[in-house]
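> below is the sequence, then the predicted model.
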Amino acid sequence: IQTYSFNKLRNNQNTCRYVSSSPCSACTAKIAEVLKSRKNLKLSIFAARLFEWEEEEIQAGLKALHAAGCKLRMMKPLDFSYTWDTFVESDDQPLNLWEDCKENYEFYHEKLADILE
């Protein structure tokens with residue numbers, strides 16, 4: 001479950017969220033509502049995977065989020081390195097990406113593109 005908090009965001013602010021999964025349908029509706037009410041707020045969501053992407057309501061939510069101006073993108077292997085280096089207390093341990101990380105990105109990237117077209 002992802003938690004999104006927009007209460008402290010101001011207009012004319014760009015924000016980016018790295019998340020493990022794309023938002024569920026309830027969250028996409030709430031986020032889209034905030035984006036529609038705050039026209040100057042710009043949001044980018046970079047997801048490691050698509051949450052239940054086969055479900056119609058999830059696809060509809062992602063489309064609504066996109067239509068509300070949210071930039072949706074799958075995390076590339078470089079994004080994993082960035083989040084590791086920036087947000088994880090790694091005690092100088094290097095990130096070891098899994099073997100099929102690039103293929104995982106390409107799969108979800110294609111699925112997201114299909115959903116948003």
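Here it is on my side, so go on.

> which parts of the chain are helices?
25-37, 56-67, 77-87, 101-116 (DSSP state H).

> now do the contacts for residue 46.
16-19, 73-75, 79 (C-beta atoms under 8 Å, 6 or more residues apart in numbering). All C-beta spots, glycine's among them, are computed from the backbone N, C-alpha and C.

> hang on, the earlier thing: now render the helices of the chain as JSON lines, adding mean pLDDT and mean neighbour count.
Formatted as JSON lines, those follow (pLDDT from 0 to 100; neighbours: other C-beta atoms under 10 Å):
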{"stretch": "helix 25-37", "mean pLDDT": "91", "mean neighbour count": "17"}
{"stretch": "helix 56-67", "mean pLDDT": "95", "mean neighbour count": "18"}
{"stretch": "helix 77-87", "mean pLDDT": "83", "mean neighbour count": "13"}
{"stretch": "helix 101-116", "mean pLDDT": "94", "mean neighbour count": "15"}
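
> so which of the ones you listed comes closest to residue 94?
Closest to residue 94 of these is helix 77-87 (C-beta to C-beta; 8.4 Å).

> show me what the closest one is packed against.
strand 14-21, helix 101-116 (3 or more C-beta pairs under 8 Å, 6 or more residues apart in numbering; DSSP states H and E).

> would you mind giving those as CSV with distance to residue 29 added?
Rendered in CSV, the data for the helices and strands packed on helix 77-87 read as follows (distance: least, C-beta to C-beta, whole Å):
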stretch, distance to residue 29
strand 14-21, 16
helix 101-116, 16
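
> among those, which comes closest to residue 36?
strand 14-21 (15.9 Å).

> tell me the mean pLDDT for that closest one?
Mean pLDDT, computed over strand 14-21, is 80.

> give me the sheet partners of that strand and which way each runs.
strand 42-49 (parallel) (DSSP bridges).

> just give the closest residue to residue 36, not the sequence neighbours.
Of all residues not flanking residue 36 in the chain, residue 68 sits nearest, at 5.3 Å (C-beta to C-beta, 6 or more residues apart in numbering).
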